[in-house]
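>>> Just the structure for this:
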Amino acid sequence: MEGLYHQTNKQVHEVQSYMGHLETSDKESVHLVENEIQARIDNIFSNLERLEIQSSKEPPNKRQNAKLRVEQLKYDVQHLQTALRNFQHRRYLREQQERQREELLARSFTTNGTQKKILDVVNTLGLSNTVMRLIEKRAFQDKYFMIGGMILTCVVMFLVVQYLT
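Numbers count the residues shown, from 1 in each chain. All right, here's what the predicted structure looks like:
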């Protein structure tokens, strides 16, 4: 029992050191490190099952101490398993956010589709093409009026700040 306990304890410490490598590994090798850690954790769990069986076969005066040591190892391994799951979850969220960001950057935001839909709706309402051209011309002119008004407002604000302070 002692040999298996020390071997399992050593494996737990190795997994803890691998968890440190997990944080510093690059995107390509992170899956390999995760799989290696998971395989080692599975191996530790199988050793713990054998240790539980062997601890129940210990003499009564050593049984309580042996079970306590096995429970402590099991507790440590469960924490390692949870830490691995948390890391995988954070990595998955990061990858998902990167994908969404790339999709947003790749998307082109234009109003052509909206303008075309509005034209279709107006045509079904019966407005003529001449009226539509007048509306589009007015929208083009209104844009220049808006820009001119914004510049005029900025100039007035600058002059007020300049002369009142």
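>>> Contacts for stretch 79-87 next, please.
When contacts are defined by CB atoms under 8 Å, 6 or more residues apart in numbering, stretch 79-87 is touched by residues 12, 15, 16, 19, 22, 23, 34, 37, 38, 41. No exception for glycine: its C-beta is placed from N, CA and C like everyone else's.
>>> secondary structure element for the fifth one?
The secondary structure element spanning residue 22 is helix 2-24 (assigned by DSSP states H and E).
>>> residues touching residue 93, list them.
Contact analysis of residue 93 by CB under 8 Å, 6+ apart lists nothing.
>>> Please work out the average pLDDT along the helix or strand hosting it.
Assigning secondary structure by DSSP H and E places residue 93 in helix 60-106. Helix 60-106 comes out with an average pLDDT of 91.
>>> That helix: how far from the chain's middle?
Mean C-alpha position of helix 60-106 versus that of the full chain (CA atoms, centre = their mean, to the nearest Å) differs by 16 Å.
>>> now swap in stretch 29-43 and tell me
Counting by CA atoms, centre = their mean, stretch 29-43 is centred 20 Å from the centre of its parent chain.
>>> relative orientation of the helix holding residue 93 and helix 2-24 in degrees?
Orientation check (axes from the mean of the first three to the mean of the last three CA atoms, to 10 degrees): helix 60-106 against helix 2-24 gives 20 degrees.
>>> that older thread, in JSON lines: the contacts of stretch 79-87, plus neighbour count, distance to residue 68 and pLDDT.
Formatted as JSON lines, those follow (neighbours: other CB atoms under 10 Å; distance: CB to CB, whole Å; pLDDT from 0 to 100):
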{"residue": "12", "neighbour count": "20", "distance to residue 68": "16", "pLDDT": "92"}
{"residue": "15", "neighbour count": "23", "distance to residue 68": "21", "pLDDT": "91"}
{"residue": "16", "neighbour count": "14", "distance to residue 68": "21", "pLDDT": "91"}
{"residue": "19", "neighbour count": "15", "distance to residue 68": "25", "pLDDT": "88"}
{"residue": "22", "neighbour count": "19", "distance to residue 68": "30", "pLDDT": "81"}
{"residue": "23", "neighbour count": "9", "distance to residue 68": "31", "pLDDT": "79"}
{"residue": "34", "neighbour count": "17", "distance to residue 68": "31", "pLDDT": "90"}
{"residue": "37", "neighbour count": "22", "distance to residue 68": "26", "pLDDT": "92"}
{"residue": "38", "neighbour count": "15", "distance to residue 68": "27", "pLDDT": "94"}
{"residue": "41", "neighbour count": "18", "distance to residue 68": "21", "pLDDT": "94"}
